[in-house]
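S.K.: Sequence first, predicted coordinates after that:
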Amino acid sequence: MNSFAQLKDSIFVELTKLGIQPGEAKREAEMIISHATGCDTVAQILRHDQPLSAGALKAAHQLVELRKLRVPLQYALKEAWFMGLRFVIEPGVFIPRCDTEALVQAVISIVQNKKQGS
């Protein structure tokens, strides 16, 4: 497991063994590799056959081991995105959810409409 593609496939298999749905497992594999290598999904695709450093492989493996322990991905990565902003998080901090983003956007819209009406 030396290339981006091989690592992604390996992580995908491990995550699906945990019962994570295939679409989510693919997304998590990409996020783990991004965190371990600094390469976004597009770069991962473009470099699919390139070998990874020992450090990147080790970092990815450590993240997968945390997921096997059922540590939420955001806690393993120590970050989460919310409303386009990156937040550093740790256990004890609520993980921002997509549902909450939708709620915040609705509230912003309501407040903006009230400001325009007054």
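M.R.: Nice, I can see it.

S.K.: Tell me how far Glu65 lies from Ile108.
M.R.: For Glu65, the distance to Ile108 equals 39 Å [CB to CB, to the nearest Å]. Where you see a C-beta, it was placed from the backbone N, CA and C, and this is true even at glycine.

S.K.: contacting residues for the most centrally placed residue in the chain?
M.R.: Nearest to the geometric centre of the chain sits Met31, at 4.0 Å (CA atoms, centre = their mean). Going by CB atoms under 8 Å, 6 or more residues apart in numbering, Met31 touches 73, 77.

S.K.: so what secondary structure elements neighbour the helix or strand Ala106 falls within?
M.R.: In this assignment (DSSP states H and E), Ala106 forms part of helix 98-117. Contacts defined by 3 or more CB pairs under 8 Å, 6 or more residues apart in numbering; DSSP states H and E place helix 98-117 against no helix or strand at all.

S.K.: just how off-centre is that helix within its chain?
M.R.: Computed by CA atoms, centre = their mean, to the nearest Å, the chain-centroid distance of helix 98-117 equals 26 Å.

S.K.: what's next to that helix, contact-wise?
M.R.: Outside helix 98-117, the residues touching it (CB under 8 Å, 6+ apart) are 82-83.

S.K.: Okay, buried residues for that helix please.
M.R.: By 16 or more other CB atoms under 10 Å, helix 98-117 has no buried positions at all.
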